[in-house]
Each structure stands twice: as structure tokens, then as C-alpha cells.
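[1] Sequence and predicted structure are below.
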Amino acid sequence: MKQSQRIVKNALFGIGASFIGGVVYLATVLTIAHAVSVTEFGEYSFVLAFAMFVSNVADSGLPRMLIRELAKDREQLVPLVGAAASLIWVISGVICLLVALVVPFLHVGTDVKIAALGMSFATMATFHAAGYSAALRAFEDNELNHLGFVLHKILLLGFVFLVVKFHLGLLGFVVAHFVANALLWNFYHMVVTRLYARVPLRFDVPLWKSLMMSALPMGGGVMLRQGALQLDVLVLTWMTNLTTVGLFSGPYRISMALRVIPQTLSLPLFPLFSRAAHLSPARFTEAYQWSVKFFALISFPMAAFFTAWSQPILGLALGARYLPAIPAMQLLGIGLIPFFLSTLFQYLFAALDEQKRFLVCTLSLIHISEPTGP
């Protein structure tokens, strides 16, 4: 298959998966929001935001570096993925220990602390899944990667329905996430094993060091970028109360369903960026320009619709009790445009082996925007 055909195939599967997965995830969020009080929804949002922040710290850019290295040399599948999988186990163990030490000091109830700890463990399963899905992305078999993404969202929705039906509460939602994430991990592992090769764990300290030295600058930038998406909820919890967090989380979780779209669509471009940056600077520039134009074209209408129709969307989706959050809904809609466009840059910098520059740019942006913050 030609490169252009492969990109079109991956883009089509990405668009389809983004739409289906986004709709299913939105249904999951709305199911939870309608089934619990605003305060309880705030508890769930805080727990999820805390766990996602932990997951971003653990990620450290490792799956992205794995994609880049495999895209350049596919013959290194077994040693690279084997070493990365074992390294992910080590990182997960360290992160889980740190979370267990930090959680007791959170200013929330005991039940929320337990849920935050459990949800953090659940997100580690997605970290392991990302290690195997990196092979699918590098080999550009993205239809299988997207299939796992959609199946994960469908399973999560099904488990959430069971939790709501049997009134299992916050801990039930945590278990639902854990089981769905563990099944996703198992799915990607099974696909890689059957499609490519059996990948045993490999303890290769020099390769670990090489991967981490490349990954950490990128991981730091990505952690700051993705962590900022969760810090809104975490800071709001610290400064106000869980009822306010629940009100904000209504429109916030709806916007997150749309933010899956650029994240999904940018992944098929990463192997192309990596090879083009290595072989043809002119082709890399062309791919970059085409990608930015495409992401701009799809972001503007979504942002306009989300902003102009914020009141009916919020009222229809969540009900009258969430209408005080309309201003937040409108601002989140405007924010979709820069989010769509900026999603590409983590992959562009990684393809150019400029992870440190990406980290510096991200830190500089945070420093510049600091005086204008709340």
C-alpha cells in the first residue's frame, strides 16, 4: 500500500473511531452525571482528574519514543517493545508507591481518597496498553489500534450502566475503569503477539536509559500540556468545593469528548513525520503544512457550534441544574481551536528529535501565561 493510501486509510479509521468513541464516552459521562448528584459528580471528576494526572506523569513520553524508534527500524520490534514493557512495569511500581504516599494528605473524604488511589492504579493499565499499541501505530495498523479504543469505550459504558443499576457508587465507577483498562491492555498485547511476534519482557538497562533520555524531555512537555487539562479540576477542588467542581465538570467532560478527535487524528501522522524528518526535510515541511491546515478546518466549526449553542447543549445533555456553568462551556468551546492545532506539535518535535526544545517551549508558555491566570 502506498504511503498516501495508508495515510487516508488511517485518517478514515481515525475519524470513525473518534466519532464513535467520542459519542460513547460522552454517553458514559452523561450517564454518570444524571445518575448522581452534582457533588457526587464532582467527586468522580476529581478522582478521574487526579488519576489522569498521575498517568501523565508515569507516561514520561515513552510510548511516543517507542513509536518513533519502531517507525525508523521495524526489525527492532521484539527488543524495543520487550524492553519498553519491562520499563513500564518498573515505572508503574514507582508511581503507585508515590501515589500511596501522597493520597493520605489530600483534603477530601476517606472514600474519595480510596477511590483516587484505585483510579490511579486503573490508569496504570492504560500505560501498559500504550506500550503495545505503540507497535500498532509504528507499523501503521491503526485500524486495530482504533478498534481497541472504541471497544474500550463501549465496555466502559456497559460497566458504568451496571454500576448505576446496582447503586455501587464511586468505588463502583473506579472498578469499571479498572476492568475496562485491563481488558484494553490484554487486547493490544494479544494483537501484537498474534500479528507480529511474541514479545517477552526484556531487562535491558542500557536500552532503558536510551529510551528514557529521549523520552523524558518530550514526556515533560506532554505531562505539562496534558496535566494542565486536569489541573483545572484539581485546583478548583482545592480552592472551592466538590459541588462547584461538579458544575464545572459538566461542560468540561463534554468538551473532553471532542478533544479526543485531534488526539486520535494526529497519531497516524507520527510515523510519517518520523520517517520524513529522517529522510526528506521537504516532505516533512509539506506534511506539516497540510496537517495544520486540516486541523484548522475541522476545529473552527466545532468551536463555533460549541460556543454558540452552549445553553441548549448543556440544558439538553445535563439538565437545568448545570445551567450556571454556561460561561465555562463557552470558554471551553473557544479553547478547542488552539487545542486542535497544538496537538500536532508534540509529534512534530519528537520526529525532529527536538524533545528538549518542546519542553522549553511548554515551560515558556506557562511562564508567559502565568500573570494572566486567575
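    Cool, the structure landed. Residues are numbered from 1 along each chain as shown.
[2] any weak-confidence spans in this structure?
    Of all residues in the chain, those with pLDDT under 70 make up the ranges 1-11, 218-229, 362, 365-374.
[3] which residue lies farthest from the center of it?
    Most distant from the centre of the chain: A282, at 30.5 Å, with distances by CA atoms, centre = their mean.
[4] Okay, helices next: where are they in the stretch 251-374 of the chain?
    In the stretch 251-374 of the chain, the helices defined using DSSP state H, counting those that start in this stretch lie at 269-279, 281-308, 310-318, 326-334, 336-342, 345-351, 355-369.
[5] and the second one, which residues are buried?
    Going back to what we said before, that points to helix 281-308. Applying a neighbour-count criterion of 16 or more other CB atoms under 10 Å, one finds 284, 287-288, 291, 295, 299, 302-303, 306-307 buried in helix 281-308. In this view, the C-beta of every residue, glycine as well, is placed from N, C-alpha and C.
[6] Quick one: work out the angle between that helix and helix 310-318.
    80 degrees (axes from the mean of the first three to the mean of the last three CA atoms, to 10 degrees).
[7] For helix 281-308, name the packing helices and strands.
    helix 242-266, helix 269-279, helix 326-334, helix 336-342 (3 or more CB pairs under 8 Å, 6 or more residues apart in numbering; DSSP states H and E).
[8] List the buried residues of the first one.
    In terms of neighbour count (16+ other CB under 10 Å), helix 242-266 has its buried residues at 242, 244-262, 264-266.
[9] Go ahead and measure how far it is from the middle of the chain.
    Taking CA atoms, centre = their mean, to the nearest Å, one finds helix 242-266 lying 11 Å from the centre of the chain it belongs to.
[10] and that helix with helix 281-308, angle?
    Angle, helix 242-266 to helix 281-308, by the same axes, to 10 degrees: 150 degrees.
[11] just checking, what packs against helix 242-266?
    In terms of contacts (3+ CB pairs under 8 Å, 6+ apart), helix 242-266 is packed against helix 3-35, helix 38-59, helix 205-239, helix 281-308, helix 310-318, helix 326-334, helix 336-342.
[12] Can you give me the buried ones in the second one?
    Read that as helix 38-59. The neighbour-count check on helix 38-59 (16+ other CB under 10 Å) flags 38, 40-59 as buried.
[13] do the same with the fifth one
    Of the residues in helix 310-318, those with enough neighbours to count as buried (16+ other CB under 10 Å) are 310, 313-314, 317-318.
[14] same question, the shortest one
    Of the residues in helix 336-342, those buried by neighbour count under the rule 16+ other CB under 10 Å are 336-337, 339-340.
[15] Could you do stretch 114-134 as well?
    115-134.
[16] Pretty sure I326 sits against P312.
    No. Using CB atoms under 8 Å as the test, I326 is too far from P312 to be in contact (10.2 Å).
[17] Distance check, G250 against V108.
    Noted for G250: a distance of 20 Å to V108, by CB to CB, to the nearest Å.
[18] and stretch 68-87, how far out from the chain's middle?
    Worked out by CA atoms, centre = their mean, stretch 68-87 lies 21 Å from the chain centre.
[19] Check stretch 259-276 too.
    Relative to the centre of its chain, stretch 259-276 is centred 13 Å away, using CA atoms, centre = their mean.
[20] Please apply the same query to stretch 97-111.
    23 Å.
[21] again with stretch 86-96
    Worked out by CA atoms, centre = their mean, stretch 86-96 lies 18 Å from the chain centre.
[22] Now do the buried residues in it.
    Buried residues in stretch 86-96 (16+ other CB under 10 Å): 86-89, 91-92, 95-96.
[23] what does stretch 75-86 give?
    For stretch 75-86, the neighbour count (16+ other CB under 10 Å) marks 77, 80-86 as buried.
[24] For A350, which of the helices and strands packed on helix 242-266 is the nearest?
    helix 205-239 (5.3 Å; CB to CB).
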